[in-house]
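A.B. asks: Give the three-dimensional model of this entry:
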Amino acid sequence: MKILIVSDTYLPKNDGVVKFLRHVIPGLKENFEVKLLVPDFGPSEDIDVEVDKVQLSSVVKAAGYPSAEISYKTMQAVKREVLQADVIFVQDLAVLGALAIHYGKKYGKKVVVYVHQLAWDQLAAVKTKSLRLKRIISAVGIRAAKSLYKKCNVVLLPSRGVAQSLERQGIRGRRAIVRLGVDTDMFAPAKNKQASKLKIKISKDKIVIGYCGRISKEKDLGTLLEAFETLKKKHSNLYLLLVGDGEDDEKKRFNGLKDVKITGFKENVIQYYQAMDIFVLSSLTETTSLATMEALSCGIPVIVTPVGRVKEYVHSGYNGFFFPKNSAAALSEKLNYLIRNPEQRIAMGERARKSMIGRSWKRTVAKLIRIFNDLEV
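C.D. replies: Numbering: from 1, shown residues only. Modelled structure (predicted):
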């Protein structure tokens, strides 16, 4: 069986979709002939699979990334690759994903899509603060998503919560839950937290508040910054570590700030997690948040907004805390508690690690293999 995996994000980016691909492709390759179709984000150490890349747009961006160019050349490239495949495995609904679904349906291919994020929620969060405009953007996004999902043979979802979100919007059809995993052998606690800080040039005496992921509007890092600046007035030994890259407008608010570091995209993020004392996810929208799972696996207590599947594996007071979206005051309160109570921070981190044990990527791959084999191409 020839499987064409289509993604609108790729290396050297290291977001949740790229992490997903890096973990599932080796297992899929053992059972199928696999090829990738992705935008050309520049030189990178590719995943060990055949890759076809399309040109980036010089104008259009999506969530801080340049989009694949919307052109005749791009459409022909997608059409060509779709015709050569048996199954089209799409990662979300941006330019390449939407085109692949269209051509897959047109030419009678089996089409499977994985819902890494609710596109209408992300669009609304990124484009405006106006509630009225958010509703309009969401409505347009839902209508487009319905049309595209209807053309797919199977819609894969990371959790029942995401499945229920689609049901509420009237999006039905054949669906399957395929939960994401975490490599607990790779994402392990630091053997020496102070040494881990020194390794990335942070003073060993700093309490490191961390985030890992895309720097874009829907992540609401402004709320995290506001909470950090409030707490710096009480605790001079705080350090804010943002692991990732993204929109220039979002990054510039951190320019020139003392004890704040933005790393840019990193292919290996483990050493940065291991330097963190507390992990914060201030997102307005998520489905699973692999970054939060990786932080927990590294033995870090988390403070998160109650978004997506995060509510299923973060347990307040056990391995982390929740705070309301957009609430810097509530985030400050939770952070302050963990800063002032190091023994609780350490105990919660130990429980965080335990909460991720057994969540293997092998189960994710096994479920995907069963689904593809059941398609009867």
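
A.B. asks: Wait, a strand at residue 355?
C.D. replies: No: under DSSP: H, G, I helix; E, B strand; the rest coil, residue 355 sits outside any strand and is assigned helix.

A.B. asks: Return the distance of it relative to residue 349.
C.D. replies: 11 Å (CB to CB, to the nearest Å). (Each C-beta comes from the backbone N, C-alpha and C, glycine too.)

A.B. asks: which of these two has more neighbours?
C.D. replies: Shown here are residue 355 and residue 349; by other CB atoms under 10 Å, residue 349 has more neighbours (26 against 18).

A.B. asks: next SSE after the helix or strand that one falls within?
C.D. replies: Secondary structure from DSSP states H and E places residue 349 in helix 342-356. Sequence order places helix 361-373 as the next helix or strand after helix 342-356, per DSSP H and E.

A.B. asks: Buried residues, that next one. List them.
C.D. replies: Neighbour-count burial for helix 361-373, with 16 or more other CB atoms under 10 Å as criterion, is recorded at 361, 364, 365, 367, 368, 369, 371, 372.

A.B. asks: possible to save the residues you listed as CSV with pLDDT and distance to residue 95?
C.D. replies: Compiled in CSV, the buried residues of helix 361-373 are given as follows (pLDDT from 0 to 100; distance: CB to CB, whole Å):
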residue, pLDDT, distance to residue 95
361, 93, 28
364, 95, 26
365, 96, 27
367, 96, 28
368, 97, 24
369, 97, 28
371, 97, 25
372, 97, 24
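
A.B. asks: Out of the residues you listed, which is nearest to residue 158?
C.D. replies: Checking those against residue 158 with CB to CB, the nearest one is residue 364 at 9.5 Å.

A.B. asks: Quick check: chain neighbours aside, which residue is closest to that closest one?
C.D. replies: residue 181 (4.8 Å; CB to CB, 6 or more residues apart in numbering).

A.B. asks: CA atoms only for the helix or strand where residue 167 lies, dumped as PDB, please.
C.D. replies: In this assignment (DSSP H and E), residue 167 forms part of helix 160-168. Written as PDB, here are the backbone C-alpha positions of helix 160-168 (Å, rounded to 0.1, in the frame of the first residue of the first chain):
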ATOM      1  CA  ARG A 160     -13.300  12.000  22.700                       C
ATOM      2  CA  GLY A 161     -13.400  15.600  23.600                       C
ATOM      3  CA  VAL A 162     -12.300  16.600  20.100                       C
ATOM      4  CA  ALA A 163     -14.900  14.200  18.700                       C
ATOM      5  CA  GLN A 164     -17.600  15.900  20.700                       C
ATOM      6  CA  SER A 165     -16.400  19.300  19.400                       C
ATOM      7  CA  LEU A 166     -16.900  18.000  15.900                       C
ATOM      8  CA  GLU A 167     -20.300  16.600  16.700                       C
ATOM      9  CA  ARG A 168     -21.500  19.900  18.200                       C
END
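
A.B. asks: Who are the packing partners of it?
C.D. replies: Secondary-structure packing of helix 160-168 (3 or more CB pairs under 8 Å, 6 or more residues apart in numbering; DSSP states H and E): strand 154-157, strand 175-177.

A.B. asks: Most tightly packed of those?
C.D. replies: Of all those, strand 154-157 has the most neighbours on average by mean count of other CB atoms under 10 Å, namely a mean of 22.

A.B. asks: How far away from the center of its chain is that strand?
C.D. replies: Mean-position distance between strand 154-157 and its chain equals 17 Å (CA atoms, centre = their mean, to the nearest Å).

A.B. asks: helices or strands up against it?
C.D. replies: Looks like strand 154-157 contacts strand 110-114, helix 160-168, strand 175-177, helix 361-373 (3+ CB pairs under 8 Å, 6+ apart).

A.B. asks: Noted, bye for now.
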